[in-house]
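S.K.: Using only what follows, build the 3D model:
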Amino acid sequence: MKILNPPTVWTVPEQFQSIYTHALEAPAGRMLYVSGQFGVAPDGQMRVDFSEQLTQAMDNVEALLTAAGMALPDVAKATFFLTRASDLPALGPARRARWASQTPAAVTVLVVAALARPDALIEVEVTAVRQ
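M.R.: A predicted model of the protein is given here:
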């Protein structure tokens, strides 16, 4: 297994490094499991509104894919967790603008009461497979 925490994504705090990684690459089958990404910039700052958080979370996912030598077409499954149903209408156009594909990933969208960070409005996780 290969841990991926590139400098293009926010640094995992020392106290969490033994229990959390941004992505873990499994050598068998070239699968990549990307942990849920918040709208946290590489400097550790959470973006302010839903649109900015979604953009940053997608940036983080893409950076992790790149670090693994993968790209958006390799994403087999994406899950989006939102804390406000009112943000659902903004999700579709943003996904289509950046992650549209002729072979789109399986997608799950959930509206949840809260996320691990109280200031997080969205979390995005993906599983990628390289053939």
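S.K.: low-confidence ranges in the chain?
M.R.: Applying pLDDT under 70 to the chain picks out residues 1-3, 15-21, 24-28.
S.K.: in it, which helix has the most residues?
M.R.: helix 50-67 (DSSP state H).
S.K.: Which strands or helices does that one pack on?
M.R.: Taking 3 or more Cβ pairs under 8 Å, 6 or more residues apart in numbering; DSSP states H and E as contact, the helices and strands that helix 50-67 lies on are strand 31-37, helix 88-99, strand 122-129. In short, each C-beta sits where N, CA and C put it, glycine included.
S.K.: outside of the first one, which residues touch it?
M.R.: The reference is to strand 31-37. 4, 9, 20-26, 57, 60-61, 64-65, 68, 70, 74, 79, 81, 115, 123-130 (Cβ atoms under 8 Å, 6 or more residues apart in numbering).
S.K.: ditto for the last one
M.R.: Contacts of strand 122-129 with the rest of the structure, by Cβ under 8 Å, 6+ apart, involve 29-39, 50, 53-54, 57-58, 60-61, 65, 68, 70, 74-83, 87, 91, 105, 115-116.
S.K.: Would you confirm that Ala120 contacts Asp87?
M.R.: No - Ala120 is beyond contact range of Asp87, at 11.8 Å (criterion: Cβ atoms under 8 Å).
S.K.: between these two, which one's more packed in?
M.R.: Ala120 (21 against 18; other Cβ atoms under 10 Å).
S.K.: how many neighbours does Asp49 have?
M.R.: Neighbours around Asp49, by other Cβ under 10 Å: 12.
S.K.: Not counting its neighbours along the chain, what's nearest it?
M.R.: Leu121 (7.6 Å; Cβ to Cβ, 6 or more residues apart in numbering).
S.K.: OK, contacts around the one you found?
M.R.: Gly39, Asp49, Phe50, Gln53, Leu82, Thr83, Arg84, Asp87, Leu115.
S.K.: hmm, 7 Å instead?
M.R.: When contacts are counted by Cβ atoms under 7 Å, 6 or more residues apart in numbering, Leu121 touches Phe50, Gln53, Leu82, Thr83, Arg84, Asp87.
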